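>>> Make a model of this:
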Amino acid sequence: MDIAISKTAEITVVKLEGDIDASSALGVQEKVLTLVEQGSKILLDLTLVPYMSSAGLRMLLSLYRHVSAKEGKLVLVGVAEEIKDTMEVTGFLSFFTTCDTLDSGIVALNSA
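Next comes the predicted model:
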């Protein structure tokens, strides 16, 4: 799992590459949680994530809760159709703002 972090104005962009499963979800969560501050705006770019297990879904929900607790905003970008379908069936999709492109994700965060 590769994690690249960049900052655009007041938005933190976290670009993930690889599968998010039981062996990688905790590492992703630990890395992203260090970025969460009061009022954080975090864009999670999942464009290069082809597979996400239930551990990955739990990790996303945990990130959502931590960001929300600090009155921040978390937007998911580039979620693969298969992952989006699973998130919809499990009810996870209703927690997140999802966008197709990085630009639309940035617009969503700035309008929050």
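>>> alpha carbons only for contacts and neighbour counts from here, please
OK.
>>> how much space between the residue nearest the centre of the chain and residue 36?
In the chain, the residue lying closest to the centroid (C-alpha atoms, centre = their mean) is residue 44, at 3.5 Å. As judged by C-alpha to C-alpha, to the nearest Å, residue 44 and residue 36 stand 12 Å apart.
>>> So the residue nearest to the centre of the chain, which state does it fall into?
strand (DSSP: H, G, I helix; E, B strand; the rest coil).
>>> State the distance from it to residue 96.
According to C-alpha to C-alpha, residue 44 and residue 96 sit 11 Å apart.
>>> Below-threshold pLDDT in this structure: ranges please.
For the chain, the stretches with pLDDT under 70 are 112.
>>> what about the helices in it?
Per DSSP state H, the chain carries helices over the ranges 25-33, 54-69, 81-90, 102-110.
>>> re earlier: quick one: contacts for the residue nearest to the centre of the chain?
Residues near residue 44 by C-alpha atoms under 8 Å, 6 or more residues apart in numbering: 13-16, 74-77.
>>> Could you do residue 59 as well?
By C-alpha under 8 Å, 6+ apart, the neighbours of residue 59 are 25-26, 28-29.
>>> I'd like the helices of the chain as CSV, with distance to residue 40 appended.
Output for these, formatted as CSV (distance: least, C-alpha to C-alpha, whole Å):
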stretch, distance to residue 40
helix 25-33, 11
helix 54-69, 7
helix 81-90, 23
helix 102-110, 10
